[in-house]
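Undergrad: Mind looking at a prediction? Sequence and model below.
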Amino acid sequence: MSFLWKYIMASHGSLPFCAMLPLLLCIFSSMAAIASGNFYQDFDITWGDGRGKILNNGDLLTLSLDKASGSGFQSKNEYMFCKIDMQLKLVPGNSAGTVTAYYLSSKGSTWDEIDFEFLGNLSGDPYILHTNVFSQGKGNREQQFYLWFDPTADFHTYSILWNPQRIIFSVDGTPIREFKNLESNGVPFPKNQPMRIYSSLWNADDWATRGGLVKTDWTQAPFTASYRNFNADACVWSNGASSCTSNSPSTSNTWLSQELDTTSQERLQWVQKNYMIYNYCTDNKRFPQGLPPECSIS
């Protein structure tokens with residue numbers, strides 16, 4: 001702080017204090033914003049017997065998996081609609097058999113859920129990004145993608161926009177999937193149950209890599225995934241009520257009506273043309289009685 005004060009005085013010290021006040025308020029409010037969100041405040045590590053760790057004064061979270069157990073965490077808050085970003089760096093090297101899951105979910109037998117799942121690989125093979133949407137306990141809406149970068153070499157931002165009209169999955173700001181609210185056509189949409197954010201790293205070598213043909217190599221353990229820079233624009237659900245009310249400033253909640261503009265739609269189409277490897281809406285063998293109704297509605 002003394003260094004910052006010396007810099008202010010050196011560059012602006014000739015100004016009267018009243019003129020310096022707006023500058024000081026700007027600087028200190030920026031510092032407060034930077035310090036406002038960290039993993040200690042936003043999340044609880046819920047299982048793993050110490051394999052989940054919050055580090056660097058709350059700026060970094062890591063989950064680890066070994067033969068005895070994986071680990072996981074969940075958000076302190078529940079949300080009824082949100083726009084969330086999280087930077088992840090996935091398990092490097094031979095991660096076959098492992099799954100890193102990052103998702104929103106409610107509870108109960110008719111739960112809602114919005115999934116990112118990262119399916120591990122043999123060294124040199126691409127990760128598979130698996131997405132799904134559950135509503136009222138029913139899923140079966142999988143789309144899978146390869147990524148256009150190595151997700152283990154550095155952190156990348158994975159985002160979920162969930163508002164009353166649509167769900168948009170994005171990677172580094174590029175939309176990869178949109179699931180629209182088509183309740184008017186008889187398609188259930190998650191909009192009545194608050195959800196928490198969850199993440200876990202676990203062993204799924206019965207299905208995760210090449211349908212379970214490649215098993216986890218425990219000589220490579222522990223497997224570790226890292227998280228940082230969580231951000232949420234959200235309607236927090238507490239005591240049966242949402243923090244988003246009709247009195248909320250409309251400019252602060254623009255994400256509640258956000259949709260894909262023309263540029264974003266083109267980027268979405270680019271990803272789906274070049275990197276989508278599975279789409280339930282084209283799997284006629286799986287749905288011999290006919291594809292789900294949302295598949296035929298633009």
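TA: In hand now; what should we look at?
Undergrad: Can you show me the strands along the stretch 101-250 of the chain?
TA: Secondary structure of the stretch 101-250 of the chain by DSSP state E, counting those that start in this stretch: the strands cover 113-119, 128-134, 143-146, 156-163, 166-171, 174-180, 196-203, 223-238, 241-242.
Undergrad: Among the ones you listed, which comes closest to Tyr275?
TA: Comparing the strands of the stretch 101-250 of the chain against Tyr275 with C-beta to C-beta, the closest turns out to be strand 143-146 (4.8 Å). Where you see a C-beta, it was placed from the backbone N, CA and C, and this is true even at glycine.
Undergrad: which residues are in contact with that closest one?
TA: Strand 143-146 is touched from outside by 126-132, 176-177, 271, 275-280, with contacts defined as C-beta atoms under 8 Å, 6 or more residues apart in numbering.
Undergrad: what's the distance between that strand and the middle of its chain?
TA: The chain centre lies 15 Å from the centre of strand 143-146; the measure is C-alpha atoms, centre = their mean, to the nearest Å.
Undergrad: That one: partners in the sheet, and parallel or antiparallel?
TA: In the sheet containing strand 143-146, its partner strands are strand 128-134 (antiparallel), strand 276-279 (antiparallel), by DSSP bridges.
Undergrad: what about dumping the CA coordinates of it to PDB?
TA: These are the backbone C-alpha positions of strand 143-146, laid out as PDB (Å, rounded to 0.1, in the frame of the first residue of the first chain):
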ATOM      1  CA  GLN A 143     -23.500 -33.500 -27.300                       C
ATOM      2  CA  GLN A 144     -19.800 -34.100 -27.400                       C
ATOM      3  CA  PHE A 145     -16.900 -32.100 -28.800                       C
ATOM      4  CA  TYR A 146     -13.200 -32.100 -29.300                       C
END
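Undergrad: And it, what's buried?
TA: Across strand 143-146, burial judged by 16 or more other C-beta atoms under 10 Å covers Gln143, Gln144, Phe145.
Undergrad: Cool, thanks, talk later.
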